[in-house]
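**Q** Sequence and predicted structure, then a few things I'm wondering about:
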Amino acid sequence: MRNILAIAQKELKSYFASPIAYVVIGLFALLYGYFYAVMLQYFVRAGMNMNPMMGQQSLNINQDMLRPVLQNVTILLLFVLPAMTMRTYSEERRSGTIELLLTMPVTISQAILGKFLASWLFIAIALALTFPLIITVHVLGDPDNGVIAAGYVGSLLLGGAYLSLACMTSAITRNQVISFIVSVVLCLFLILA
């Protein structure tokens, strides 16, 4: 277990050593916030249209507002995860550092699990940064926290499924662009199935 955690820590540090990780997380949070703002406007308009004659508009916002946003996470992760993991194995193979990793006292399964765990933690961090939107839903309405938690756990598990496909395509190919395209197609097939 120590080897898996060491590899995961090294990979997570390598993600945040370059500005790409910050761009990916920023873009993810920006698009997530955009989808949330669109749904908020929809619910505000729907609330106003329901009571046009009343002086005060009543607004009932609950977890139904987050449901379409969490469904859009499927599409966001479809592009974010392959872009993030396309270099996981193909870059190490291209630069020759994969031999160094495999000559260390770690098994292949430990190396794979360590890289996967680091990528999964990266997505967990990106999802955790959307937490202020949940606070907004609590301020505006009375949501069911179990439904919201289940949506986030489902998004994290979906991210794990996408990561497994993206890591597989990165291990198969030497080119990062080909890895990205093939993993997007496989993840899209997973959505359609």
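**A** On my side now, so go ahead.

**Q** Tell me which stretches of this protein form helices.
**A** Taking DSSP state H as the test, the helices found in the chain are 2-17, 19-50, 66-85, 90-95, 97-103, 108-128, 131-140, 145-172, 176-192.

**Q** Mean neighbour count and mean pLDDT added to the ones you listed, as TSV?
**A** For glycine as for every other residue, the C-beta is placed from the backbone atoms N, C-alpha and C. Formatted as TSV, the helices of the chain follow (neighbours: other C-beta atoms under 10 Å; pLDDT from 0 to 100):
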stretch	mean neighbour count	mean pLDDT
helix 2-17	15	86
helix 19-50	15	77
helix 66-85	20	81
helix 90-95	16	72
helix 97-103	12	71
helix 108-128	19	89
helix 131-140	14	80
helix 145-172	18	88
helix 176-192	17	89
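
**Q** Can you report how many residues neighbour the closest residue to Phe180 other than its chain neighbours?
**A** For Phe180, ignoring the flanking residues on the chain, the nearest one in space by C-beta to C-beta, 6 or more residues apart in numbering is Met86 at 4.3 Å. Met86 is flanked by 25 other residues according to other C-beta atoms under 10 Å.

**Q** Contacts only, for Met86.
**A** Residues near Met86 by C-beta atoms under 8 Å, 6 or more residues apart in numbering: Ala166, Thr169, Ser170, Gln176, Val177, Ser179, Phe180, Ser183.

**Q** quick one: contacts of stretch 97-113?
**A** Residues contacting stretch 97-113 (C-beta under 8 Å, 6+ apart): Asn3, Ile4, Ile7, Tyr89, Glu92, Gly114, Cys167.

**Q** switch to 6 Å and redo it
**A** Outside stretch 97-113, the residues that touch it by C-beta atoms under 6 Å, 6 or more residues apart in numbering are Asn3, Ile4, Ile7, Glu92.

**Q** Closest one to Ala118 out of those residues, please.
**A** The closest of these to Ala118 turns out to be Ile7 (C-beta to C-beta; 7.4 Å).

**Q** isn't that closest one right up against Gly114?
**A** Yes. Contact criterion C-beta atoms under 6 Å: Ile7 and Gly114 qualify, at 2.7 Å.

**Q** shared neighbours of these two, anything?
**A** Common neighbours of Ile7 and Gly114 (C-beta under 6 Å, 6+ apart) do not exist.

**Q** What's the separation between Ser183 and Gly151?
**A** Per C-beta to C-beta, to the nearest Å, Ser183 is found 24 Å from Gly151.

**Q** What separation is there between Leu101 and His138?
**A** According to C-beta to C-beta, Leu101 stands 45 Å off from His138.

**Q** Can you read off the backbone torsions of Met86?
**A** Taking degrees, to the nearest 10, you get phi -70, psi -20 for the backbone angles of Met86.

**Q** With that, I have no additional questions.
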